[in-house]
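> sharing a sequence plus its predicted fold:
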Amino acid sequence: MENNPSSSRSSTDRKTIERNRRNQMKALYSELNSLVPHQNSREGTSLPDQLDEAVTYIKKMQINLEKMNEKKDSLMGIDQKPNAGTNGSGMTLTAQLRSPQIEISEIGSALQVVLITGSDFKFMFNETIRVLHEEGAEIVNANFTIVDDIVYHTIHAKVGESALGYEAARISERLKKICHEN
């Protein structure tokens, strides 16, 4: 066989490319391994075992994510049954048509009102602000978030110190009454 410089250079290039590929794979395996919490000691665990452990961990996290999404949907009142009708946007009709919900919390001399409505109950926010204003509460902060067709309103209001116990109960009753009438 002839000594061809281009042949040996080509062979050297292939070896270098393969070495770089192996080093890159080793670095990627190492990074993956560092991201997975380990049950047993890392000394002496083979690469295939490390990969199996990573696969098991990822599958476990996927199952946990699905469970958490189901729990979130149930807490938000979204019915995920396969035979529930949808409104075309993927939102179930039960979530769209549900009645408004309200939670009122006393925090020191302040009230926190959380109002959860469908997009078809836009007037509820105005009614809530009106009742708070009529009762002499000072609105400190009000904001909202829309997730699909559900609107989450949060209102922080300051109530006078002398009015806190009795007034807060009366405000709470009035707001709940408005919520249940609609």
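Ah, there it is.
> tell me where this structure has strands.
Under the criterion DSSP state E, strands of the chain are mapped to 101-107, 110-118, 138-147, 150-158.
> please identify the most buried of the ones you listed.
strand 110-118 (a mean of 20; mean count of other Cβ atoms under 10 Å). Glycine gets a C-beta too; all of them are placed from N, C-alpha and C.
> quick one: the helices in the protein?
5-35, 47-76, 93-97, 123-134, 164-181 (DSSP state H).
> want to throw these into a markdown table with mean neighbour count and distance to Asn141?
Formatted as a markdown table, the helices of the chain follow (neighbours: other Cβ atoms under 10 Å; distance: least, Cβ to Cβ, whole Å):
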| stretch | mean neighbour count | distance to Asn141 |
| --- | --- | --- |
| helix 5-35 | 10 | 39 |
| helix 47-76 | 12 | 23 |
| helix 93-97 | 15 | 27 |
| helix 123-134 | 16 | 12 |
| helix 164-181 | 15 | 17 |
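> pLDDT (mean, whole number) over stretch 23-35?
On average, the pLDDT along stretch 23-35 is 89.
> next one: stretch 118-133
Here the average pLDDT along stretch 118-133 is 82.
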